[in-house]
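Novice: I need the structure of the sequence given here:
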Amino acid sequence: MRELEAKEAELKEEFGVEGPDTASVYRSDSDRPTHELMQAIGTWNGIQRNIRLYEAARQLQQNDGRLISAFVETHTNDHASFESQ
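Specialist: Numbers count the residues shown, from 1 in each chain. Prediction:
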C-alpha cells in the first residue's frame, strides 16, 4: 500500500494535478513522449483502483466482513439506547 501511495504521489508531482482524470498528455514541460505520458496516466488509474480495493479489504476485515458506507447511518449502540428509555 505504501508503494502505491508513493507512486501516486510521484505522479501527482510530475503532472501537477490531483488525479489522472485531470492529467494531460499534451504537456509542454515534459520531455517524455506522448505515449509514455498516456501509459503513466493509465498506470495512475490502476494505482487508484488498487488503493480503493485495499481500502475496501481493510474495511471488510475491520467490520467482520461487512462494508459500511460512510453515507448510511448505523446503529452500533442500540443496547444503550434501550437502557436510557
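
Novice: helices or strands up against the strand or helix carrying Ile47?
Specialist: Under the criterion of DSSP states H and E, Ile47 resides in helix 34-62. Helix 34-62 is packed against helix 2-15, with contacts defined by 3 or more CB pairs under 8 Å, 6 or more residues apart in numbering; DSSP states H and E. To be clear about C-beta, it is placed using only N, CA and C from the backbone, and glycine gets the same treatment.

Novice: where are the low-confidence patches of this protein?
Specialist: Confidence mapping of the chain against pLDDT under 70 gives the ranges 67-85.

Novice: So what's the residue count around Trp44?
Specialist: For Trp44, the tally of surrounding residues (other CB atoms under 10 Å) stands at 22.

Novice: wait, Glu55
Specialist: For Glu55, the count of nearby residues is 11 (other CB under 10 Å).

Novice: if I look at it, how far off is Tyr26?
Specialist: Relative to Tyr26, Glu55 is positioned 32 Å away (CB to CB, to the nearest Å).

Novice: Can you list phi and psi of Asp23 for me?
Specialist: Just to correct that, residue 23 is Ala rather than Asp. When quoted as degrees, to the nearest 10, the phi and psi of Ala23 stand at phi -80, psi 150.

Novice: Spatially nearest residue to it (excluding sequence neighbours)?
Specialist: Phe15 (4.2 Å; CB to CB, 6 or more residues apart in numbering).

Novice: need the contact list for that neighbour.
Specialist: With contacts defined as CB atoms under 8 Å, 6 or more residues apart in numbering, Phe15 is in contact with Ala23, Ser24, Arg27, Ala40, Ile41.

Novice: now do 10 Å
Specialist: Contacts of Phe15 were listed using CB atoms under 10 Å, 6 or more residues apart in numbering, and they are Thr22, Ala23, Ser24, Val25, Arg27, Ser30, Leu37, Ala40, Ile41, Trp44.

Novice: neighbour-wise, which of the residues you listed leads?
Specialist: Trp44 (22 neighbours).
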